[in-house]
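1. The sequence and its predicted three-dimensional model are supplied below.
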Amino acid sequence: MKIRIKGDSIRFRLTRTEVETFCREGLYSEQTNFNSTIFNYTLQAKDGIDGLKAEFQDNTITMFLSKTDTDKWMDEARVGYENDMTLKNGKILHLLLEKDFICLDETLEDQSDNYPNPKNS
C-alpha cells in the first residue's frame with residue numbers, strides 16, 4: 001500500500017493483492033520504522049459510515065471505508081473512493097482510496113501486482 005500526504009489530503013493506493021486482502025479481511029495495514037517510533041497506516045472496513053473517513057491516533061493514520069463498499073470493491077471495475085471530511089475545527093481533509101495502476105512512464109518499482117492501466121487499452 002502506498003500513501004501520499006500533501007497538506008490536508010491523504011491518498012492510499014493498493015495493489016490487487018492488497019485490495020483482495022482488505023476486502024476479504026476488512027483490514028489492511030503497513031508500517032514505516034523510524035529509530036524512535038513506528039508510523040502505521042491502515043485501511044479498515046467500518047459499519048455505519050457513508051463516504052471515506054479517517055483518524056490519526058497513536059502514530060497511525062486509519063482510513064475507513066464502509067463495510068458495504070468493502071464487500072463489493074474487489075469485484076467492481078470501480079477504481080476507488082473519494083470524500084471531503086469536515087474536521088472539528090471546520091477544515092476539510094480530502095481522502096482518496098484507489099486501486100494502484102501500472103505507471104505509464106518508466107519506473108524502477110515492482111508493478112507486477114498493479115492493475116492494468118486503462119490508458120494502455
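-> Looks like it came in fine.

2. Mind jotting down where the strands sit in the protein?
-> 2-5, 9-14, 27-33, 38-46, 53-57, 60-66, 80-86, 92-99 (DSSP state E).

3. Would you mark the buried spots in the longest helix along the chain?
-> Ranked by number of residues, the top helix in the chain under DSSP state H is helix 16-25. Within helix 16-25, the residues that count as buried by 16 or more other CB atoms under 10 Å are 18-23. (C-beta placed from N, C-alpha, C; glycine too.)

4. shaky segments in this structure?
-> For the chain, applying pLDDT under 70 flags the ranges 101-121.

5. got the angle for the longest helix of the chain vs strand 60-66?
-> Helix 16-25 and strand 60-66 are oriented at 70 degrees to each other (axes from the mean of the first three to the mean of the last three CA atoms, to 10 degrees).

6. For helix 16-25, which helices and strands make contact with it?
-> The contact analysis (3 or more CB pairs under 8 Å, 6 or more residues apart in numbering; DSSP states H and E) places helix 16-25 against strand 27-33, helix 67-73.
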